[in-house]
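Undergrad: Give me the fold of what follows.
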Amino acid sequence: MGQNLAVGGKDLRDGKIIIGGMRSVALRAERKFFPAFSLKVSPKFALPFVAEGLLLFLFASVDKFGFALALGLFCGLVYARRNILLVAPLYVLACFVFTLNWQTVLFALAPALVLVCAYALFFKLKRNVPVWMIALSALVGLTPYIVCEILFFGDYIFVVLSAAITVVVSFCASIVAYAGFVRRTFGTATLDEIMCGGFLIVIFGYALCGINVYDFYLLPLIFGFCAVILSAVLPNGATLVLSVLLGVGASLRSGELEFVGWAAVIGASAMAFSPFSRLPSAFAVIAVEAVFWLFRGYPLAGWQSLSVISAGALASLALPRSLVKKAKIVFAKDSKRAYSSIVNRRGRDMANRLYHTSDVFFEMSKTLEKIATQKTAYTPERLAKEIAKNYCAKCEDRDGCFSALGEDTSSMLEPMTTAALMRGKTSILDMPTFITSHCSKMRSLATVINSAADAYKKRAEQADGISGEKTLLSEQFAGVALVLDSLAQECGAPVSFLSDEVESIKTELLRHNVVASDVVVSGRDGDLKVALIVRASDAEKQILPKIVSKILRTRLEIAKVGDRGNEKSIYLEPAPVYEIAYGIAEHIRSGENVSGDTRTVQNVSRTARLFAICDGMGSGERAKQASLDAVNMIESFYRAGLSNDIVLNLVNRLMKISLDDNFSSLDISVIDTKSGGLDVIKLGSAASFIVRRDSVEAVACSAPPAGIVDAPEPTTLRFQLFDGDIVVMMSDGVFDALDAKGVVDVVDYANTKNPQTLANELLKRAIELGAEDDCTVLTMRLFCA
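TA: Residues are numbered from 1 along each chain as shown. Take a look at the predicted model:
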């Protein structure tokens, strides 16, 4: 039923703590035996070592029971794998300082020697040291002290109380020190750890209340410092509980219950202002202490206590902010760290699954592409062999022909099968001399070849159709693979519920009266995303994205707002570096109600803007519908994350199937507002232009309109735009009237940075020059956000 300590790297109880039938948290940390007999002190152990020494001196200073309290604390530290050769001298020195006689040295050395022997024995046996063994060693080491007290003073009650205090304090100190130094789980303590920790806090307050120098008590000094620091580090309510426990200890020492109320008020005042910063908490503590001084609210109230508690509160401000933040994370709820770990692990698992699924689709795409590009088997040579086998081989004159050639007649039939497949028919004029001189059934042979050629061509067309479908599927599979890769990257992005940035965001927002109950940060750098849950009244505050942007050093903007009743979910994403202003000018062909040109402007993603002009062949409703279908397909494919080449190949084939003769020319420009990149995709469209500060660059198209050929090769180019650049797109109705030189002349004449003005001028000049077809002009200007 005891609590085990791993010795020699071996844990005989599978890392589980069982105390009084109550199961504690499983120890997941690797159990490595602390070098209990080493004299080396690492720098990272220096601060805990000093704190341990001060606590031993503090406990030893208590009247009558100081020796028992210090011994219990010493046993707990040894159990928690603290260096016994360093802690033992501190314990002996602490006991000797407050009781200067040779008996004290004997009394203090005895428990230390017993513990050293016990640890040496268990280390030799490679067994764990249970917690009851620590208490038993303390009692054995206490034997000289007990014997002397009974023989010289006969105070049996005092001896029994000392023994009981030693056992209880050693047990509590072992539990708490083990949780702090070994398990290192400060945020989530078990019930036994909470109870033992509370008991030690009461003893701590008891000891502090007894130390003073000229009426300057140590209790206000330490409490003022701790109240401010703990309110900034611990979760809500914990500071108040610890303050009350400290006041209980002081009340037990002084016999005055007012200490409990004083400690509770001081702790509450520090906690009330802790969300803002340590400075308001420190001044709140000082102000409350001043009120107690004026009204004599507790026994120690006076100018001395005000001076001391002020010194402690102001000293707390000297601690580095980074240290306080780290401590806050350490003492924060472990559940949030667990949430981050679980979410990130599941994200990585999902990303791996998506990557593997993407590989499957990619392999399927390559396989179908390989099958689709295989050379067709329906050739003139194959047809000639089949005719020689199925017709000539059954002729009664076959022996004469075969013996003369030394083989079958397939080589002589190839010119005829070639003519039949190429021209659709063969005749006697296509027959070689050997056939005309040896074959008695020339006309029947020509008829058979023509019939077989017709059947061959039908099968070849079917095979080509199947090959085209395989190519279409291959391109679709490749597109799906790319989309899955993109999704895998997003799923694999890290998510943080608890970090320095998250705590800084909450604190800074609260300073501006914005209460964020939860903050989640995911992604990295340009893909950074932040989700916050705030009060409904705070969702519209303009300062919110500015504060988060400043802390994360990335300019963010509100991407989405979700309703949660009294709260709102705010989603922040990186703001674009550039913005786009655009202008549209249109003219419908005379005699028509609607334009055959279709233009669209869409936000494909948060950083991508798609501008498209689709010019349906012809005009009127059918051309309008053909244009709409083409643009809708393009938007859908882009939103799915497919690449440009795959999009156009898929669009061309699908349009060919569904749009009959109403094919469309496509002109697409996709502008990235994060990088300023311009993707130009053209298929049978008019030229576009990039108007820069000192030049005009034409972007021509060499590909035919979509649907004209089976395998279009779209013009796909990449340009870099800069602040102030203007992109000009137009339908063929405008370009045919102006040509490239006319467009440059209008740009020079207009000399404007307003995209709408430039679009109007281009359309006006085209109409003046006699443009008769549907006309559409689309201009976009890039500028810094």
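
Undergrad: Nearest residue to residue 584 in space, ignoring adjacent ones along the chain?
TA: Nearest non-adjacent residue to residue 584, counting by C-beta to C-beta, 6 or more residues apart in numbering: residue 778, 5.7 Å away. Just so you know, the C-beta spots here come from the backbone N, C-alpha and C atoms, and that holds for glycine as well.

Undergrad: ok, and for the host helix or strand of the one you found, which residues are buried?
TA: Per DSSP states H and E: residue 778 is located in strand 775-784. Within strand 775-784, the residues that qualify as buried by neighbour count (16 or more other C-beta atoms under 10 Å) are 775-782.

Undergrad: That one pairs with which strands, and in what direction?
TA: Its sheet considered, strand 775-784 pairs with strand 578-587 (antiparallel), strand 726-730 (antiparallel) by DSSP bridges.

Undergrad: tilt between the very next helix or strand once past the shortest one and strand 775-784?
TA: When you say that, I think you mean strand 726-730. Toward the C-terminus, strand 726-730 is succeeded by helix 732-750 as the next helix or strand (DSSP H and E). Orientation of helix 732-750 against strand 775-784 (axes from the mean of the first three to the mean of the last three C-alpha atoms, to 10 degrees) gives an angle of 50 degrees.

Undergrad: name the helices or strands packed onto helix 732-750?
TA: strand 688-691, strand 696-699, strand 726-730, helix 755-768, strand 775-784 (3 or more C-beta pairs under 8 Å, 6 or more residues apart in numbering; DSSP states H and E).

Undergrad: Kindly provide the distance from residue 54 to residue 479.
TA: 68 Å (C-beta to C-beta, to the nearest Å).

Undergrad: Ignore what I typed, I meant residue 471.
TA: Look at residue 471 and residue 479: by C-beta to C-beta, they are 13 Å apart.

Undergrad: if you count what's nearby, which of these two comes out ahead?
TA: residue 479 (22 against 19; other C-beta atoms under 10 Å).

Undergrad: now for the host helix or strand of the more buried one, which elements pack on it?
TA: Secondary structure assignment for residue 479, by DSSP H and E: helix 442-491. Under the contact definition 3+ C-beta pairs under 8 Å, 6+ apart, helix 442-491 sits against helix 334-372, helix 380-390, helix 410-423, helix 433-438, helix 644-658.

Undergrad: returning to that earlier point: could you single out the nearest of the buried residues of strand 775-784 to residue 300?
TA: residue 782 (70.4 Å; C-beta to C-beta).

Undergrad: beta partners for that closest one?
TA: Under the criterion used (DSSP bridges), residue 782 bridges to residue 580.

Undergrad: what two of the buried residues of strand 775-784 have the greatest distance between them?
TA: Maximum distance among the buried residues of strand 775-784 (C-beta to C-beta): 24.3 Å, for 775 and 782.

Undergrad: Compile the helices and strands packed on helix 732-750 into a markdown table and extend it with columns for distance to residue 505 and mean pLDDT.
TA: Supplementary listing: these in a markdown table, determined by distance: least, C-beta to C-beta, whole Å; pLDDT from 0 to 100:
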| stretch | distance to residue 505 | mean pLDDT |
| --- | --- | --- |
| strand 688-691 | 41 | 94 |
| strand 696-699 | 45 | 91 |
| strand 726-730 | 38 | 94 |
| helix 755-768 | 38 | 93 |
| strand 775-784 | 27 | 93 |
